[in-house]
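>>> predicted model and sequence below, questions to follow.
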Amino acid sequence: MLVLALIPGLGACRKAPAGAEEEIAARLKTADRHLGAQRFDAAMQEALSALDLARQSGSRTGEVRALAGIVDIDIMASRDEDAWQKALEAESLAREAGLTAELAEILIAKAKLCSYAEISPETGRNDEGLEYAREALSLAESCDAFEQQAEACYIIGSLYINKNRWSDPIDPELYRTAGAWLDRGQALADTYDIPRLRRNGILFRSRWFQQGGRNEEAIAWFEQVRSGLKETDHLTAAALNDRLVRLYTRTGAVEKALDTHDAYVYHMQEYLRQKQDEALQEMETRYEVQLKEQQIERSRYQIWILVLALLLSAAVILLITDWLRKAHRRAEELQKQSDSKEQIIDFLSKDLRNPVNAISGEIARLSADAALLPPEAIRKKCQALAEKTESMNAGVADYVGDVLMQRSRRIADIGLSQREIEIIRLSAEGLKAADIAGRIHLSVHTVNTHRQRIYAKMDVKNVSEMLRKSTELGII
């Protein structure tokens, strides 16, 4: 059967990619389900697709198993000639590749076909079938393939039954030999819990009892087997009841035959319900698997979208960070330039108190007067200064003008008068109140009053703070 074609790891094999081997096994399993439901065309389609895949992937094991599956389908569909040709092809490949379990399965199929040929004394191929079955049993024993051992024993028993088919009376030795092989097959099927072969054993045993004319013993044996069945084994129960109906009819037990027929109908209905439940469960499982696959696929897309979004966000953050870094660096450079220029102007403003040339003197005077001039006047004087000499760049003049205008605005915001600025500058020369009063012809009291007003406007407390802040403002 196809189930045996799915046994992995038995015998030497030419390995194909793991994905291909799994797909071949899955298709053969699907073919086996169709075969169990007698959907022969659907089963053949799956088996042929498995065969094509095995040949494409270079799987010798998969090819042999697919051919064995096709042989089983042809046998079930009574296409014995087609089955025989495929069996020969599969046998050749299995022997070449050293596939022990697969070869045993194919030889069992050939033995079956020999058994089915027994339709007249002239067509018998029982001895040929026995050779195949015995070799299959030996191979199955060498690789512990118990299902194949049991099936080989049943086939050997069936072939011995065939050898007595046209004998009248039957040969007792052949009859006993057939019974012994059936017992051996039954023992293996029971030991390893193989329901399919137990059911097949019922058919073989029924033929054996009938051949020996042992109807009463057959009834007792079938009833005993039926009593030991699992409650859920409806198919085997139906097969037993079918045989018992015939036996009860032969022995004249009509009432029992009718009751047993009702039991047969019940078990067949339950079996069909089981198959329907299995089909429904399979559909539900397949549906759940599809839903999970869809969820996984959606999750995969979501993850990719999230990853892309994170990468995009990271790229944007990097660009913004780089732009901010450059902007900050540029601002720092501009600030440094501004600070440097400011320091230059401060230096010039102080240093040019003792000018060495005319232009220096002009800048010094302009710097001194800036505290008292409005911004526009400062700008015009700077432009005039730049036009007066070639040694001063117009841009430098503009910058000097800007600095001086800023100083002028800050001084104007404080509100210092011209006299107050004069007192500040004299204080910067180190003169005391009395000295300043004598210099500008004021009383000492008036000078001190001016200083107190200066302190209030500049928000300072003494001469030192006044001079420090005056320096910052460019007054001195």
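That came through, no problem.
>>> mind giving me the domain split of the chain?
352-410, 415-476 (automatic domain parsing).
>>> out of these, which gets the lowest mean score?
Among the domains of the chain, domain 352-410 carries the lowest mean pLDDT, at a mean of 66.
>>> what about Arg125? Give its phi and psi, please.
phi -130, psi 40 (degrees, to the nearest 10).
>>> shouldn't it be in contact with Ile119?
No - using Cβ atoms under 8 Å as the test, Arg125 is too far from Ile119 to be in contact (10.6 Å). All C-beta atoms are positioned from the backbone trio N, CA, C, and that covers glycine.
>>> okay, these two: which has more neighbours?
Higher neighbour count among Arg125 and Ile119: Arg125, with 18 against 9, using other Cβ atoms under 10 Å.
>>> which ones are touching that one?
Each residue near Arg125 by Cβ atoms under 8 Å, 6 or more residues apart in numbering is listed here: Cys114, Ser115, Ala117, Glu118.
>>> host element of Ala50?
Taking DSSP states H and E as the definition, Ala50 sits inside helix 40-57.
>>> how far does whichever helix or strand comes after that helix sit from the chain's center?
Of the helices and strands lying after helix 40-57 in sequence (DSSP H and E), the nearest is helix 60-76. Offset of helix 60-76 from its chain centre (Cα atoms, centre = their mean, to the nearest Å): 35 Å.
>>> picking up where we left off before, quick check: angle from the helix holding Ala50 to helix 60-76?
If you take axes from the mean of the first three to the mean of the last three Cα atoms, to 10 degrees, helix 40-57 sits at 160 degrees to helix 60-76.
>>> so which elements touch helix 40-57?
helix 18-36, helix 60-76 (3 or more Cβ pairs under 8 Å, 6 or more residues apart in numbering; DSSP states H and E).
>>> list the buried residues in it.
Across helix 40-57, burial judged by 16 or more other Cβ atoms under 10 Å covers 40, 42-51, 53-54, 57.
>>> now Thr249: how far from Lys256?
In this view, Thr249 and Lys256 are 9 Å apart by Cβ to Cβ, to the nearest Å.
>>> follow-up on the earlier one: mark which of the contacts of Arg125 are part of helices, please.
Cys114, Ser115 (DSSP state H).
>>> check contacts around Arg409.
So Arg409 contacts Pro375 (Cβ under 8 Å, 6+ apart).
>>> how close does it sit to Ala331?
Counting by Cβ to Cβ, the gap from Arg409 to Ala331 is 23 Å.
>>> hmm, back to that, got the helices and strands packed on helix 40-57 as CSV, with mean pLDDT columns?
Output for the helices and strands packed on helix 40-57, formatted as CSV (pLDDT from 0 to 100):
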stretch, mean pLDDT
helix 18-36, 89
helix 60-76, 95
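>>> now for the ones you listed, which one comes closest to Glu231?
Comparison of the helices and strands packed on helix 40-57 against Glu231 by Cβ to Cβ identifies helix 18-36 as nearest, at 20.7 Å.
>>> now that closest one against helix 40-57, angle please.
160 degrees.
>>> which secondary structure elements does helix 18-36 contact?
helix 2-5, helix 40-57, helix 60-76.
>>> swap in 10 Å and give it another go.
Packing partners of helix 18-36 (3 or more Cβ pairs under 10 Å, 6 or more residues apart in numbering; DSSP states H and E): helix 2-5, helix 40-57, helix 60-76, helix 254-351.
>>> can I get those in TSV with distance to Glu465?
Listed next are the helices and strands packed on helix 18-36 as TSV, based on distance: least, Cβ to Cβ, whole Å:
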stretch	distance to Glu465
helix 2-5	106
helix 40-57	96
helix 60-76	100
helix 254-351	19
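>>> pick the most deeply packed of those helices.
helix 60-76 (a mean of 27; mean count of other Cβ atoms under 10 Å).
>>> so how far is the helix or strand just after that helix from its chain's centroid?
Sequence order places helix 80-97 as the next helix or strand after helix 60-76, per DSSP H and E. Chain-centre distance of helix 80-97: 42 Å, with Cα atoms, centre = their mean.
>>> state the mean pLDDT of helix 80-97.
Computed over helix 80-97, the mean pLDDT rounds to 95.
>>> before we move on, the earlier item: out of the helices and strands packed on helix 40-57, which gets nearest to Leu107?
Judged by Cβ to Cβ, the one of the helices and strands packed on helix 40-57 that comes nearest to Leu107 is helix 60-76, at 10.4 Å.
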